[in-house]
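Asker: coordinates only, sequence not included:
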């Protein structure tokens, strides 16, 4: 593909004016052609500065040629807009614009401007992003590298701009994808991959996958019916990425946990995509931030049930929790394995560290005198998953496991003083 393609003239103007194409058409019809042209001439648009050469004929709905290929769309803009004013059913074939160096530079600049506005106005103001940037100031650069990879080709530019054009209608979905991408890039330094080049490539691709995970849905019918896996395959050509997105898209509410299948546990992109998306969803559901211990506990519970990847879950804990909390949480789940009665890890008031194990078995030799009544089931809800982590009932403290965890807690605190 050596051209930038727009479905119509309004989509082309939308990129330049940062206004949805439907609104631009409404402005044209309300003002009329002359006033509309005067209106856009008063704006600093690149269509006034850069010649946009058509690589294909522009035809009307009946197949009549309106503008020949090799002609600048700039010269026929007024007459084309006039047709829309005179006939509300008027439409054209797509506009294919030759990718000269100035045109590519212009479209890339627009792409960066649009995504940076979203990141600056939303994502980079959030606590999660602020913490990530505090840990690694290069994460912005890593994110920009992922975007640069997407818009390195005309196909990528077209796809990316079609996604961003629908930001208002798909704000929540797009923002969650961007949050997942940033967190995924933040995990790169914790991956343990000794090959830095390999780690960087994997990181950039994972960031791209998160950004584009809902590209088909948020772009509507603008991408000719291509699915999100098809689009990712077209732009990146990585079978593992395509497979990951296809598997993720097929998850249903009543499906078995995705990582109960051993094959799925070997797809790094799937592990990242599923687990980080669940993490982002849990934060939103709890109306909290990435520092919250209960969010990490919930994700760990889902990982134990194979709904999330345990290694990625641990890395997220390491990335976002203070060192003591991270170590205590990991140790708590290791200690929990020592009892066949499936005790629960219960947080105490205050610092919310998990320093107590509870169990429903009163007759156990290690059952303590402290009792806790849990009046309702504790449900973990995220991405269509409804998992019961704690069943309502009367619980007794486990002296043995609690004592072991508290001893570990004291040793960790002492070591970090």
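Answerer: Sure, I can see it. As the structure is a computational prediction, the values presented were derived from the model and not from experiment. Numbers count the residues shown, from 1 in each chain.
Asker: low-confidence ranges in the stretch 101-250 of the chain?
Answerer: Confidence mapping of the stretch 101-250 of the chain against pLDDT under 70 gives the ranges 189, 191-198, 220-225.
Asker: quick one, strands of it?
Answerer: Secondary structure of the stretch 101-250 of the chain, counting by DSSP state E, counting those that start in this stretch: no strands present.
Asker: can you tell me the distance between the two ends of stretch 41-61?
Answerer: End-to-end distance of stretch 41-61: 29 Å, with Cα to Cα, to the nearest Å as the criterion.
Asker: any idea how far it is from the chain center?
Answerer: Per Cα atoms, centre = their mean, to the nearest Å, the displacement of stretch 41-61 from the mean C-alpha position of its chain is 33 Å.
Asker: which parts of it are buried?
Answerer: By neighbour count with 16 or more other Cβ atoms under 10 Å, stretch 41-61 contains the buried residues 46, 47, 50, 52, 53, 54, 56, 57, 58. For the C-beta atoms, the positions are set from N, CA and C on the backbone; glycine is no exception.
Asker: so the first one touches residue 18, yeah?
Answerer: So that's residue 46. No: with contacts defined as Cβ atoms under 8 Å, residue 46 does not count as touching residue 18, sitting 11.9 Å away.
Asker: what about stretch 327-347, distance to the chain center?
Answerer: 31 Å.
Asker: Apologies, that question was intended for stretch 174-184.
Answerer: Relative to the centre of its chain, stretch 174-184 is centred 3 Å away, using Cα atoms, centre = their mean.
Asker: quick one on the thing from earlier: farthest pair in the buried residues of stretch 41-61?
Answerer: In the buried residues of stretch 41-61, the most distant members under the criterion Cβ to Cβ are 46 and 57, with 23.5 Å between them.
Asker: Next one: the closest residue to residue 32 other than its chain neighbours from residue 62, what distance?
Answerer: Spatially, and ignoring its direct neighbours in sequence, residue 32 is nearest to residue 85 (6.2 Å; Cβ to Cβ, 6 or more residues apart in numbering). For residue 85, the distance to residue 62 equals 19 Å [Cβ to Cβ, to the nearest Å].
Asker: And residue 265, by the same measure?
Answerer: Residue 265 sits 56 Å away from residue 62 when distances are taken as Cβ to Cβ.
Asker: Who are the contact partners of residue 93?
Answerer: Taking Cβ atoms under 8 Å, 6 or more residues apart in numbering as the criterion, residue 93 is in contact with 56, 57, 58, 59, 60.
Asker: So which of these is the closest to residue 237?
Answerer: Within the contacts of residue 93, proximity to residue 237 (Cβ to Cβ) peaks at residue 56, which comes in at 25.3 Å.
Asker: which residue sits closest to the closest one, ignoring its sequence neighbours?
Answerer: Closest residue to residue 56 in three dimensions, ignoring its sequence neighbours and counting by Cβ to Cβ, 6+ apart: residue 96, at 4.3 Å.
Asker: do the same with residue 311
Answerer: Here the nearest residue to residue 311 in space, its sequence neighbours aside, is residue 271; by Cβ to Cβ, 6+ apart that works out to 7.3 Å.
Asker: Same question for residue 313.
Answerer: Of all residues not flanking residue 313 in the chain, residue 303 sits nearest, at 4.3 Å (Cβ to Cβ, 6+ apart).
Asker: Please report how far that neighbour lies from residue 261.
Answerer: As for residue 303, its distance to residue 261 is 15 Å (criterion: Cβ to Cβ).
Asker: give me phi/psi at residue 32?
Answerer: When quoted as degrees, to the nearest 10, the phi and psi of residue 32 stand at phi 90, psi 160.
Asker: Touching, it and residue 84? I think so.
Answerer: No: Residue 32 is not in contact with residue 84 according to Cβ under 8 Å; the separation is 10.9 Å.
Asker: So between the two, which is more surrounded?
Answerer: Set side by side, residue 32 and residue 84 show unequal neighbour counts under other Cβ atoms under 10 Å, the larger going to residue 84 at 20 against 13.
Asker: Quick check, that one in contact with residue 25.
Answerer: Yes: counting by Cβ under 8 Å, residue 84 touches residue 25, with 6.9 Å between them.
Asker: For stretch 47-54, what does the pLDDT average out to?
Answerer: Stretch 47-54 shows a mean pLDDT of 91 in the predicted model.
Asker: what sits up against it?
Answerer: Counting contacts by Cβ under 8 Å, 6+ apart, the residues touching stretch 47-54 from outside are 12-13, 16, 40-41, 67-74, 77, 95-98, 100, 102-103, 106.
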